[in-house]
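Novice: Would you be able to build a 3D model of this:
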Amino acid sequence: MSVDYSEDIERVEEVIKSNLEEIGKNIPGIIEGPFYKGINELADSSVDVLMVAKCKEEDIYQVQRDMTRQFYLLFNKNNIIYMLKIQVF
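Specialist: Have a look, this model is predicted:
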């Protein structure tokens, strides 16, 4: 996920961490996670934070869509300016 530089990264991290368990419960294809891995990159126009989850290979695309939806709802609810980039392993 790419978070706008104007966002308070500590607040963003707290929002993510405090909702991981609930997000995992809402996505039946997740075997482990999701996990917040931290700041992945300081890009030109955003701070990229990494979220990952483990699932079966045949569920990868559905889990990606489900995670995208869950973080879209979470970030909108908390007024966080973002772009989503979710990886599943």
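Novice: pLDDT weak spots in the protein?
Specialist: Filtered on pLDDT under 70, the chain yields the residue ranges 84-89.
Novice: which element is the residue nearest the centre of it on?
Specialist: In the chain, the C-alpha nearest the mean C-alpha coordinate belongs to Met51, at 4.5 Å (CA atoms, centre = their mean). Per DSSP states H and E: Met51 is located in strand 47-55.
Novice: May I have the strands that pair with the longest strand anywhere in the chain, each with its orientation?
Specialist: As assigned by DSSP state E, the longest strand anywhere in the chain is strand 30-42. Within its sheet, and counting by DSSP bridges, strand 30-42 is paired with strand 47-55 (antiparallel).
Novice: Secondary structure element holding Met67?
Specialist: helix 60-77.
Novice: Toward the C-terminus from that helix, list the very next helix or strand.
Specialist: strand 82-83.
Novice: helices or strands next to that following strand in the packing?
Specialist: strand 2-3 (3 or more CB pairs under 8 Å, 6 or more residues apart in numbering; DSSP states H and E). (Glycine included, C-beta is placed from N, CA and C.)
Novice: Mind listing residues that contact the strand it packs on?
Specialist: 9, 12, 43, 45-49, 80-85 (CB atoms under 8 Å, 6 or more residues apart in numbering).
Novice: Take the longest strand of the chain, keep the C-alpha atoms, and write them as PDB.
Specialist: Output of strand 30-42 as PDB, limited to C-alpha atoms (Å, rounded to 0.1, in the frame of the first residue of the first chain):
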ATOM      1  CA  ILE A  30      -6.200 -16.600   4.500                       C
ATOM      2  CA  ILE A  31      -4.200 -19.300   6.100                       C
ATOM      3  CA  GLU A  32      -1.800 -17.000   8.100                       C
ATOM      4  CA  GLY A  33      -2.000 -13.300   8.600                       C
ATOM      5  CA  PRO A  34      -2.400 -10.700   7.300                       C
ATOM      6  CA  PHE A  35       0.800  -9.300   8.600                       C
ATOM      7  CA  TYR A  36       2.100  -5.700   8.600                       C
ATOM      8  CA  LYS A  37       5.700  -5.900   7.600                       C
ATOM      9  CA  GLY A  38       6.600  -2.200   7.900                       C
ATOM     10  CA  ILE A  39       7.800   0.600   5.600                       C
ATOM     11  CA  ASN A  40       8.900  -1.100   2.400                       C
ATOM     12  CA  GLU A  41      10.000   2.000   0.400                       C
ATOM     13  CA  LEU A  42      10.200   5.800   0.500                       C
END
